[in-house]
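Asker: pasting the structure only:
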């Protein structure tokens with residue numbers, strides 16, 4: 001009789017208190033506006049100790065956008081951009097998580113903004129594993145990447161009288177996350 005060698009996946013849940021989602025976009029081509037999303041959640045499931053081939057899912061509440069300017073935030077929430085009344089969530093689901101070396105990974109997945117889903121690639125730096133004061137095992141990651149907002153239907157354009165573009169197309173992503181191991 002053969003013995004089953006089925007491995008059990010370990011689930012990790014995003015610790016939002018120790019995580020951040022930042023983005024940067026050019027304004028008038030001469031400066032950069034930085035923003036954050038304040039409300040998000042995610043999970044990571046893996047069947048090994050090095051996280052390679054982990055399944056990652058992430059959802060954020062688009063209405064939690066904060067660029068430190070209320071009028072701009074209201075415009076971003078409007079139908080000109082995110083249309084939060086119709087599309088309240090942004091969703092990411094991994095399709096691959098590949099280990100490059102002890103600290104670097106490549107994360108590829110499907111990102112849905114509004115009603116558009118596109119494959120995106122993010123560079124991931126693994127920060128390691130630590131145990132907090134309460135005995136919780138945590139894993140930390142820093143993700144960086146770039147997307148074009150127009151690929152996701154965020155096509156609003158403004159041009160100044162002098163011909164300057166108001167909002168750039170490329171959005172730089174800078175995400176720091178901490179996951180708590182579930183027991």
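Answerer: Great, that's in hand. Predicted, not measured: the structure shown is a model, and the values here were computed from it.
Asker: And the strands in the chain?
Answerer: 10-14, 20-27, 31-37, 40-46, 55-61, 65-66, 89-99, 104-113, 116-131, 137-148, 167-181 (DSSP state E).
Asker: Would you format these as CSV with distance to residue 77 included?
Answerer: (C-beta placed from N, C-alpha, C; glycine too.) Converted to CSV, the strands of the chain look like this (distance: least, C-beta to C-beta, whole Å):
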stretch, distance to residue 77
strand 10-14, 23
strand 20-27, 15
strand 31-37, 12
strand 40-46, 16
strand 55-61, 11
strand 65-66, 7
strand 89-99, 12
strand 104-113, 13
strand 116-131, 17
strand 137-148, 19
strand 167-181, 15
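Asker: Indicate which one of these is closest to residue 83.
Answerer: Nearest to residue 83 among those is strand 104-113 (10.1 Å), distances taken as C-beta to C-beta.
Asker: Can you tell me what sits against that closest one?
Answerer: 51-52, 56, 82, 87, 90-100, 117-126, 141, 143, 147, 152-154 (C-beta atoms under 8 Å, 6 or more residues apart in numbering).
Asker: for stretch 70-86, same thing?
Answerer: Identification of contacts with stretch 70-86 by C-beta under 8 Å, 6+ apart yields 33, 35, 62, 63, 65, 66, 67, 113, 114, 154, 156.
Asker: Now list the buried members of these.
Answerer: Buried members of those, scored by 16 or more other C-beta atoms under 10 Å, are 33, 35, 62, 63, 65, 67, 113, 114, 154.
Asker: circling back: can I get the strands of the chain in TSV with mean pLDDT and distance to residue 72?
Answerer: Formatted as TSV, the strands of the chain follow (pLDDT from 0 to 100; distance: least, C-beta to C-beta, whole Å):
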stretch	mean pLDDT	distance to residue 72
strand 10-14	96	27
strand 20-27	86	9
strand 31-37	86	8
strand 40-46	96	20
strand 55-61	97	18
strand 65-66	96	9
strand 89-99	97	18
strand 104-113	97	18
strand 116-131	96	22
strand 137-148	96	19
strand 167-181	90	10
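Asker: In ChimeraX, how would I select the buried members of the contacts of strand 104-113?
Answerer: Selecting the buried subset of those in ChimeraX, with 16+ other C-beta under 10 Å as the burial test, is done by:
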select :51,56,82,87,90,92,94,96,97,99,120,122,124,126,141,143,147,152,154
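Asker: Bridging across strands, which residues link to residue 172?
Answerer: For residue 172, the beta-bridge partners are residue 24, residue 146 (DSSP bridges).
Asker: neighbours around it, how many?
Answerer: Using other C-beta atoms under 10 Å, residue 172 is surrounded by 16 other residues.
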